[in-house]
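> show me the folded form of this:
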Amino acid sequence: MISVEEAQRRILGCVQALEPEKKPILDCLGQVLAINIYSPIDIPPLDNSAMDGYAVQAEDTCSASNSSPIVLAVISEVAAGCIPNREVKAGTAIRIMTGAALPEGADAVAQFEDTDEATRKGRGDSSSWIGILRQVERGLNVRHKGEDIAKGTLVLEEGRVLRPAEIGVLASLGHSWTKVIRRPVISVLATGDELVDIDQPLPLGKIYNSNTYTIAAQVLRYGGIPKILGIGRDSVQSLNEKIDEGLNADMIITSGGVSLGDYDVVKDVLAKRGEITLWTVCMKPGKPSAFGVLSKKEEGREKGIPHLGLPGNPVSSMVAFEQFARPAILRMMGKNNFAKPTIQALIEDDVKNTDGRRVYTRVIVTKRGGQYHARPTGPQGSGILTSMAKANGLAIIPENSKGVKAGDMVQVQMLDWSEDQLPGE
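Numbering: from 1, shown residues only. Model prediction:
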């Protein structure tokens, strides 16, 4: 058997970042930027007001208070997006809205709350005067030209994953399109005569093809584009036809047909299509796996398409996907961080390790009194898909351990990670 880490190393050694594509920025969310972004402008473009208020000369407001306001002449008003046409001089003020350009001569903004504007309006007084009720310091409530982004600076570097904030930055620079590493297309094929399409009647002794949909959903979740091939039957012709259909992709993921007890047809077909190695990985569930490169002729040349063969049992397939397919998809997207979030948690039940493999126990993680707790979801058979539906983490029992007792601390690989999504006390 090979270790989980060795299997990961071999798979990642066969995949690389894909080529860039140009897309509208909103379609780039979660993708990796393929170019450096420099700013052609200053943001903000001019000194401007951070508050609704009055643009003033700070020196004019010395000693201002509620009991002794400093009264200034209001000579103009400027709205956001407008350029002031008057200069603030000693003894004067200009009414200003948030984001409006700061008038010449002004060096601070007194916000409305620090003026007597509401009182004056209530009395019906003239708007030509304003009382300042608080001394303001120079620079107060002023956003300076280029303080967010200075013209010519590197704003977003190549390799950055584009989150909503980065999308907003691109928009603020006037970019409607940008270049990102494209999303990989992943062909998904389930194999086996026992499988039935989910929209068909279910004969006795058959099962619905759930693996295709769990795997395709995992591909989507981690940024890939699933290409569903359906079901490959246990015949050379059927499997070859499906594989031919799936070669127009960046990777093929199959499920089923790689265990020692399976019929040899899947293994034989894969072996004739390329260099495929059958593995037993030191993990539970997910021990039987296959990996290699399938051959494809493209423009008269042989091209290799990575192939990952997952076990047929649904839990085994999902757990193996998390450890092997997920990092490969992330690398093809140009990402470098492949680690799942992990925590230390107190296990609430005994978990045995009977055969020296790394055990991935499906658990429900909660946080109580500042401590994470991990409770197994119940029966842990590799065919019990609901154990994954109930879980938000995988408790890792090391291969050199005979198990853990309730109350021991364990490492948990989180399937879903957000503090506000954890069940609470």
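> in the stretch 101-250 of the chain, which spans are strands?
Secondary structure of the stretch 101-250 of the chain (DSSP state E, counting those that start in this stretch): strands at 108-111, 129-132, 142-143, 154-156, 177-181, 185-191, 195-196, 207-208, 225-232.
> and Asp264, what pLDDT?
For Asp264, the pLDDT comes out at 68.
> and Pro379, how close does it get to Ala395?
Separation of Pro379 from Ala395 (C-beta to C-beta, to the nearest Å) stands at 15 Å. For every residue, glycine as well, the C-beta is placed using N, CA and C.
> give me the number of residues near Val32?
By the criterion of other C-beta atoms under 10 Å, Val32 has 22 neighbours.
> contacts for stretch 147-165 next, please.
For stretch 147-165, contacts defined as C-beta atoms under 8 Å, 6 or more residues apart in numbering pick out 25, 28-44, 166, 169-170, 172-173, 180, 334-336.
> among those residues, name the buried ones.
Buried by 16 or more other C-beta atoms under 10 Å: 25, 28, 30-34, 37, 39, 42-44, 166, 169-170, 173, 180, 334-335, out of the contacts of stretch 147-165.
> so, low pLDDT: which residues of the stretch 301-425 of the chain?
Low-confidence segments of the stretch 301-425 of the chain (pLDDT under 70): 418-425.
> can you pull out the strands in it?
Under DSSP E, counting those that start in this stretch, the stretch 301-425 of the chain gives strands at 301-310, 342-347, 351-352, 358-368, 371-376, 393-397, 403-404, 409-414.
> among those strands, which is the most enclosed?
Most buried of those by mean neighbour count (mean count of other C-beta atoms under 10 Å) is strand 393-397; its value is a mean of 23.
> who does that one touch, helix- and strand-wise?
Counting contacts by 3 or more C-beta pairs under 8 Å, 6 or more residues apart in numbering; DSSP states H and E, strand 393-397 packs against strand 342-347, strand 358-368, strand 371-376, strand 409-414.
> can I get it in CSV, CA atoms only?
Taking Å, rounded to 0.1, in the frame of the first residue of the first chain, the C-alpha atoms of strand 393-397 are listed here in CSV:
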residue,chain,number,x,y,z
GLY,A,393,-15.8,16.9,8.9
LEU,A,394,-13.6,13.8,8.7
ALA,A,395,-11.8,12.8,11.9
ILE,A,396,-8.4,11.4,11.0
ILE,A,397,-7.3,8.3,12.9
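> got a list of what the closest residue in space to Ser401 that isn't next to it in sequence touches?
Nearest residue to Ser401, sequence neighbours excluded (C-beta to C-beta, 6 or more residues apart in numbering): Asn353, at 5.5 Å. Counting by C-beta under 8 Å, 6+ apart, Asn353 makes contact with Val359, Ile397, Pro398, Glu399, Ser401, Lys402, Gly403.
> how about these in CSV, adding distance to Val78?
Listed next are those as CSV, based on distance: C-beta to C-beta, whole Å:
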residue, distance to Val78
Val359, 68
Ile397, 67
Pro398, 67
Glu399, 70
Ser401, 70
Lys402, 75
Gly403, 72
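> out of these, which is nearest to Gln237?
Proximity of the contacts of Asn353 to Gln237 (C-beta to C-beta) peaks at Val359, which lies at 39.2 Å.
> now that closest one: how far from Ser401?
8 Å.
> could you do Thr280 as well?
From Thr280 over to Ser401 the distance is 19 Å, taken as C-beta to C-beta.
> and what of Ile83?
Here the criterion is C-beta to C-beta. By it, Ile83 lies 71 Å from Ser401.
> neighbour-wise, which of those two wins?
Taking neighbours as other C-beta under 10 Å, Ile83 and Ser401 compare with Ser401 leading, 16 against 9.
> circling back to that earlier point, mind checking the strands of the stretch 301-425 of the chain for the one nearest to Ser76?
With respect to Ser76, and counting by C-beta to C-beta, the nearest of the strands of the stretch 301-425 of the chain is strand 358-368 at 56.1 Å.
> ok, the closest one: who's next to it in the sheet?
For strand 358-368, the paired strands and their directions (DSSP bridges) read strand 283-284 (parallel), strand 371-376 (antiparallel), strand 393-397 (antiparallel).
> how does this structure divide into domains?
Per automatic domain parsing, the structural domains of the chain span 4-17+183-332, 20-43+147-181, 48-143, 342-421.
> how far does the third one sit from its chain's centre?
Domain 48-143 has its average C-alpha position 44 Å from the chain's average C-alpha position, going by C-alpha atoms, centre = their mean, to the nearest Å.
> straight-line length of stretch 383-401, end to end?
Separation of the first and last residues of stretch 383-401 by C-alpha to C-alpha, to the nearest Å is 24 Å.
> for stretch 304-319, same thing?
26 Å.
> over to stretch 209-228?
Start-to-end span of stretch 209-228 (C-alpha to C-alpha) is 12 Å.
> nearest residue to Gly30 other than its sequence neighbours?
Gly223 (5.5 Å).
> what is Glu275 paired to in the beta sheet?
Val293.
> ugh, wrong one, I meant Arg368
For Arg368, the beta-bridge partners are Gln371 (DSSP bridges).
> one more: Val142?
Ser49.
> which ones among the contacts of stretch 147-165 lie within helices?
In this view, those that belong to helices under DSSP state H are Glu166, Val169, Leu170, Ser172.
> relative to Ile347, which of those is nearest.
Ile347 has its nearest neighbour among the ones in helices among the contacts of stretch 147-165 in Glu166, at 38.6 Å by C-beta to C-beta.
> now do the contacts for the closest one.
Contact analysis of Glu166 by C-beta under 8 Å, 6+ apart lists Leu33, Leu156, Arg160.
> and Gln218, by the same measure?
Residues near Gln218 by C-beta under 8 Å, 6+ apart: Met318, Phe321, Glu322, Ala325, Arg326.
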